[in-house]
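could you work out the structure for the sequence below:
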Amino acid sequence: MSDPLYEARRDRLQEIRESGTDPFPARFEPTERIARVCERFNECTGSTPVEGAVVAGRLVGIRRMGKAAFLDLRDGSGRIQLHATVDGLGEERYAAFAGCDVGDILGVAGKVFRTNRGELTIAVERFALLAKSLRPLPEKWHGLRDVELRYRHRSLDLISNDSARETFRRRSLLVSAIRRFLDGRGFLEVETPMMQPLAGGATARPFVTHHNALDVDLYLRIAKELYLKRLVIGGIDRVYELGKDFRNEGVSTQHNPEFTMLEIYEAFSDYEGMMRLAEEMISSCAEEVLGTRQIVYQGAKIDLTPPWRRVSLEAAVEEVLGFPVQGRSAEQLCTAAHAAGVAVPEGSRGDLVAYLFEEHVEATLAHPTFVVDYPVEVSPLAKRKAGSDGLVERFELFVCGMEIANAFSELNDPDDQRQRFERQEELRREGDEEAQRVDEDFLFALEHGMPPAGGIGVGIDRLVMLLTDSPSIRDVILFPALRPRSGER
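Residues are numbered from 1 along each chain as shown. Down below sits the predicted model:
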């Protein structure tokens, strides 16, 4: 079925071309952005036009009144009103200007004044059509509310919703603030391979591709860890990488198969040092971006001011489920869980404790909480905790029920690391597709000696969710993964 609005704009495009005007000219040079014009003329109070301005942007509103028209023009910095008249432009040029459609991109020059209602306005003296919009903008007065359409056509979301533009502005500011924070503390930003011969550094299913020239399968990285640790071995004591990782898993409000992760490694530190780093970095960057350390996420008031709560994983499970966990065997845990009406799968003691935490505790952790000391079975890259059999020096940071960061005192014993890798290979042979592989190149590097170190991974997308009060990860990723619509490939 044809769209009459689309066809009408097509006809108008043809008329413009036949008149000898290029509806898509190569260039136009505005002298300043709209926000700067508003700032420069903020003290303007009179209705008599004063100094001029040359701006460009998208037409987002039109109010025609016979021989005059008011229009709203917006660029990436702000919005300003335009006023055009037959007397000011002449009948032919006024007809062309008033005939523009919402969505058109215009360049405009004129003097600035303030209307009787106090609206800062440009009196149009000349204009140029810079790009003809062939499709009308959606719901021009109410913003784009169709969530699926917002994600699938982000350009329309950004045009229609001020809140969407603000979300991604804050995301950019946050990333810049994080880089300044780390650079200021002597960390070196690096880049490591996105395509790797082994998918290591995390427990996840990878995406696989094939390199034709080398005739080898490669994996999109699921983590940066094993490469960054090699740099620590090589003498780069403070290093970080902020970039994309890829995990071939389901999508949800907290998961996207392509996501942004910050990984940081510091020699001669440990997981305690990473806790202090996380507290200071996240709280200070939040204050830099938002102007405060007090945020509201989905109605919950959260204070990011350090220090944050610390609780062991086993103690956290006991608090929520109400039965003893610490010092209990796998059999005793199963018995206690069944008595409390809690279903548990078969597995080692460490697997059971981790399962109980993930299923019943994570969602209860609203305020910033470091959950520390994880079972060795679920932490193949972390150093064992001295004096605590079966535990490692690892923490996860939770805020509003979301895991924001994961950190270790990094395992630097190559023999222990090999044994952990080999256990992961056993799990893979038993059917666990997410288990890690033995990485001989990493072990070779580790055998040359890695200093004691702390490492942390911070999920940037989830952190942005917190700081923009966004309920879904797809609200903070410009182009999230979506299922193809019917008929698409």
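
for the chain, what's the longest strand?
Once the chain is assigned using DSSP state E, the strand that runs over the most residues is strand 52-65.

list the buried ones in that strand?
Neighbour counts using 16 or more other C-beta atoms under 10 Å place 53-60, 62 of strand 52-65 among the buried residues. Backbone N, C-alpha and C define where each C-beta goes, glycine included.

again, but for stretch 394-403
394-400, 402-403.

so which of the buried residues of strand 52-65 comes closest to K111?
A53 (7.7 Å; C-beta to C-beta).

so that closest one touches V112, yeah?
Yes: if you go by C-beta atoms under 8 Å, A53 and V112 touch, sitting 5.6 Å apart.

mutual contacts of the two, please.
37, 41, 122 (C-beta atoms under 8 Å, 6 or more residues apart in numbering).

which one of those sits in the busiest neighbourhood?
I122 (26 neighbours; other C-beta atoms under 10 Å).

please report the distance of the nearest residue to that residue once chain neighbours are set aside from G46.
Counting by C-beta to C-beta, 6 or more residues apart in numbering, I122 lies nearest to G110, which is 4.5 Å off, once chain neighbours are set aside. G110 sits 15 Å away from G46, taking C-beta to C-beta, to the nearest Å as the criterion.

those two: which is more packed in?
Higher neighbour count among G110 and G46: G110, with 22 against 8, using other C-beta under 10 Å.

quick check, pLDDT for the more buried one.
Per-residue pLDDT puts G110 at 95.

do the same with the one 3 residues further on
You'll see F113 listed with a pLDDT of 92.

quick one, domains of this structure?
4-137, 160-308+367-475 (automatic domain parsing).

pick the most deeply packed of these.
Highest mean neighbour count among those (mean count of other C-beta atoms under 10 Å): domain 160-308+367-475, with a mean of 18.

what distance separates that domain from the centre of its chain?
A distance of 14 Å separates the C-alpha centroid of domain 160-308+367-475 from that of its chain, computed with C-alpha atoms, centre = their mean, to the nearest Å.

so that it lines up with my notes, have the first residue be 4 from now on.
Okay, using 4 as the starting number, the last item reads as domain 163-311+370-478.

please work out the average pLDDT along it.
Rounded mean pLDDT across domain 163-311+370-478 is 96.

start to end distance for that domain?
This stretch, domain 163-311+370-478, spans 14 Å end to end (C-alpha to C-alpha, to the nearest Å).

for stretch 246-255, same thing?
One end of stretch 246-255 sits 21 Å from the other (C-alpha to C-alpha).

what residues does it touch?
With contact meaning C-beta under 8 Å, 6+ apart, stretch 246-255 is reached by 194, 197, 205, 207-210, 223-227, 258, 260-264, 476, 483-484.

swap in stretch 363-376?
For stretch 363-376, contacts defined as C-beta under 8 Å, 6+ apart pick out 274, 278, 281-282, 303, 305-307, 311-317, 319-320, 322-324, 345, 360, 388, 391, 394-404, 406.

any idea how far A29 is from R15?
The spacing between A29 and R15, counted by C-beta to C-beta, is 21 Å.

what sits against V461?
264-267, 281, 285, 407-408.

biggest helix in the protein by residues?
Using DSSP state H, we find that the single longest helix of the chain is helix 165-186.

packing partners of that helix?
Contacts defined by 3 or more C-beta pairs under 8 Å, 6 or more residues apart in numbering; DSSP states H and E place helix 165-186 against helix 157-163, strand 191-192, strand 241-249, helix 274-293, helix 463-471.

sheet partners, orientation included, of the second one?
The partner list of strand 191-192 in its sheet, established with DSSP bridges, is strand 241-249 (parallel).

which helices and strands sit right next to the helix or strand just after the partner strand?
Counting by DSSP states H and E, the element after strand 241-249 in chain order, helix or strand, is strand 261-270. Where contact means 3+ C-beta pairs under 8 Å, 6+ apart, strand 261-270 is packed against helix 228-236, strand 241-249, helix 274-293, strand 456-462, helix 463-471.

how long is stretch 392-410 from one end to the other?
Using C-alpha to C-alpha, the end-to-end distance of stretch 392-410 comes out at 19 Å.

and the helices and strands packed on helix 165-186: which comes nearest F171?
Set against F171 and scored by C-beta to C-beta, the helices and strands packed on helix 165-186 come closest in helix 157-163, at 7.5 Å.
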